[in-house]
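> here is my input; please provide its structure:
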Amino acid sequence: NSASGISSFAVLDSLMELVTDRALFPNLRVVTVAGHSAGGQFVQRYAAGTQSPIRHRDHAFVYVVANPSSFMYLDRRRPEPGSTSEFFEPSTSCSFNDYKYGMDSMNVYMNSMGAESITAQYRNRYVVYLAGEEDKDDSDENLDSSCQAILQGPNRFARATAYANYIDLLYPSHFHQLMPESGVGHSSSQMFSSPEGRAVIFANTAEIPVATLAPPSPPRNLR
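Okay, here's the model as predicted:
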C-alpha cells in the first residue's frame with residue numbers, strides 16, 4: 001500500500017506466517033497462492049521475491065499464475081518480434097526493464113532481496129503458468145498496452161508462452177511449468193475450474209517438487 005508504506009507482498013508474507021503455524025493448522029502441508037489477470041501479475045512477482053518457502057521448509061508452496069498481462073523478466077532480454085522462442089535485448093527509449101516488467105528501479109520489498117538473489121531463488125519456486133489458448137485479443141481494453149508490455153508479446157497467451165520459453169533458456173533446470181488451457185479465454189472461472197486448474201490448485205504434496213531443497217544451479221547469462 002503506497003499510502004501506508006507497507007508492501008502488499010509483506011502483508012501476504014504475514015499471512016503465510018499464520019497459515020504455516022502448526023499450532024493453528026497442524027494438518028496443513030501445501031500452501032497455494034493463485035491469481036488471475038492482475039492477480040496473476042501479483043503472484044508471479046511475489047513468487048520471485050518472497051522468502052516464505054525458505055522460512056517454512058516443512059511446507060510445499062505452489063504459485064499459480066493465470067493469464068497475466070505481463071511478467072517480471074530477470075534480465076534485459078525480451079521476445080523477438082513475432083516470436084515466442086527467440087530473445088534479444090531491445091534497442092529503445094522505452095524503460096522496458098523497470099520494475100514491474102524487469103528488475104531495474106525495483107520497489108523496497110524487492111530491493112531488500114536484490115536482483116541477483118531473486119534470480120537465484122526463482123528457479124526453485126514451483127510456479128505454474130496457466131494460459132488460456134483463446135486469450136489472444138490484442139485489442140482487449142484491459143490488456144496492458146504499455147511499451148514495456150508490448151515488448152513481451154502482442155497478447156496474454158503469447159506473453160505467457162514466451163515467458164515459459166525464456167525460463168527454459170535462463171535456467172538449466174527449474175520447477176516452472178506452462179499449462180495451456182484449450183478453448184479458454186480471459187476467464188478466471190473457466191481457468192480455475194478446468195481440469196488443469198483444479199489439479200494444480202488442489203495438488204497433493206506428493207505431486208509438488210521439493211523446490212526449496214533443489215541443488216543450486218546458477219542461471220545462464222543471457223545478457
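> could you check how far the most centrally placed residue in the chain is from D21?
The centre of the chain sits closest to Q44, judged by Cα atoms, centre = their mean, with a distance of 2.3 Å. Separation of Q44 from D21 (Cβ to Cβ, to the nearest Å) stands at 26 Å. Quick note: C-beta positions are derived from backbone N, CA and C, even for glycine.
> looking at it, G40 is touching Y63, isn't it?
No. G40 sits out of contact with Y63 when judged by Cβ atoms under 8 Å, with a separation of 9.8 Å.
> list the buried residues in stretch 32-46.
Residues of stretch 32-46 classed as buried by neighbour count (16 or more other Cβ atoms under 10 Å): 32-37, 39-46.
> then stretch 85-93?
By neighbour count, with 16+ other Cβ under 10 Å as the criterion, the buried positions of stretch 85-93 are F87.
> just stretch 71-82 next, same as before
Neighbour-count burial for stretch 71-82 [16+ other Cβ under 10 Å]: F71, M72, Y73, L74, D75, R76, R77, R78, P79.
> tell me which of those residues is nearest to N142?
Comparing those against N142 with Cβ to Cβ picks out F71 as the nearest, at 16.5 Å.
> help me confirm that that closest one comes into contact with Q44.
Yes. With contact defined as Cβ under 8 Å, F71 and Q44 form a contacting pair (5.7 Å).
> so the residue nearest to the centre of the chain makes contact with V65?
Yes. Q44 is within contact range of V65, at 4.5 Å (criterion: Cβ under 8 Å).
> need the overlap of contacts for the two.
When Cβ atoms under 8 Å, 6 or more residues apart in numbering defines a contact, the residues bordering Q44 and V65 alike are V127.
> which stretch of helix or strand covers the residue nearest to S7 when sequence neighbours are not counted?
The shortest distance from S7 to any residue that is not its chain neighbour, by Cβ to Cβ, 6 or more residues apart in numbering, is 4.1 Å, and that residue is Y109. Per DSSP states H and E, Y109 falls inside helix 108-111.
> what's the answer for Y63, then?
With secondary structure defined by DSSP H and E, Y63 is part of strand 60-66.
> what's that strand packed up against?
strand 30-36, helix 38-49, strand 127-132, helix 188-193, helix 195-201 (3 or more Cβ pairs under 8 Å, 6 or more residues apart in numbering; DSSP states H and E).
> of all the residues in the helix-or-strand element of the chain with minimal mean pLDDT, which ones are buried?
Of all helical and strand segments in the chain, the minimum by mean pLDDT, DSSP states H and E falls on helix 195-201, at a mean of 89. For helix 195-201, a neighbour-count test (16+ other Cβ under 10 Å) marks E196, G197, V200, I201 as buried.
> next one: stretch 100-117
K100, Y101, G102, M103, M106, Y109, M110, M113, A115.
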